[in-house]
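> coords below, sequence missing:
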């Protein structure tokens, strides 16, 4: 009898915890009208992610990303380079795993692998823009590339 009561209490507690955690996720992923307008934009201005000192470059042609980066994303200098590098390592790993699984993940979203080596210093600008592209991508396409919510 005690075992059944304990099980019921545990189930109720887990259910309440699930409801609370789901509610907070919805709140954190709220997308403003301004951001939604940027997502709907068909402006295809390319964003070059490069660092002249290190000679690494990524070119992103994603409708709305340039405008989002200029108007919605946190400004350069907001994050430290070590924060950006740590997040990018995780996000690139998850991205590349999805590219390799087109039967599971939409191959129209995950087309090409990203060559990002952890031991290389790509510089602040490359890390900043790559990280912000991942945030933009996750918010626009309602994807989760890591264990944390893609917040601004």
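That came through, no problem. Remember, it's a predicted structure, so these values are computed and weren't measured experimentally.
> would you list every one of the helices in the chain?
2-28, 33-40, 65-71, 81-99, 124-141 (DSSP state H).
> Averaged pLDDT, the third one. What do you get?
The predicted model assigns helix 65-71 a mean pLDDT of 91.
> The fourth one now?
Throughout helix 81-99, pLDDT has a mean value of 97.
> other SSEs contacting it?
In terms of contacts (3 or more CB pairs under 8 Å, 6 or more residues apart in numbering; DSSP states H and E), helix 81-99 is packed against helix 124-141. Heads up, the C-betas are built off the backbone N, CA and C, glycines and all.
> Isn't residue 29 up against residue 149?
Yes: using CB atoms under 8 Å, residue 29 is in contact with residue 149, at 6.2 Å.
> Within its local environment, how many residues does residue 76 see?
Look at residue 76: counted by other CB atoms under 10 Å, it has 12 neighbours.
> now residue 122
If you count neighbours by other CB under 10 Å, residue 122 ends up with 24.
> One more: residue 91?
Neighbours of residue 91 under the rule other CB under 10 Å: 23.
> Show me what counts as buried in stretch 135-143.
For stretch 135-143, a neighbour-count test (16 or more other CB atoms under 10 Å) marks 135, 136, 137, 138, 139, 140, 143 as buried.
> With stretch 110-127 instead?
So, applying 16+ other CB under 10 Å, buried residues of stretch 110-127: 110, 116, 122, 123, 124, 125, 126, 127.
> a markdown table for these, including distance to residue 33 and pLDDT?
As requested, the buried residues of stretch 110-127 are arranged in a markdown table below (distance: CB to CB, whole Å; pLDDT from 0 to 100):
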| residue | distance to residue 33 | pLDDT |
| --- | --- | --- |
| 110 | 28 | 96 |
| 116 | 33 | 92 |
| 122 | 34 | 90 |
| 123 | 34 | 90 |
| 124 | 31 | 92 |
| 125 | 29 | 90 |
| 126 | 31 | 91 |
| 127 | 30 | 94 |
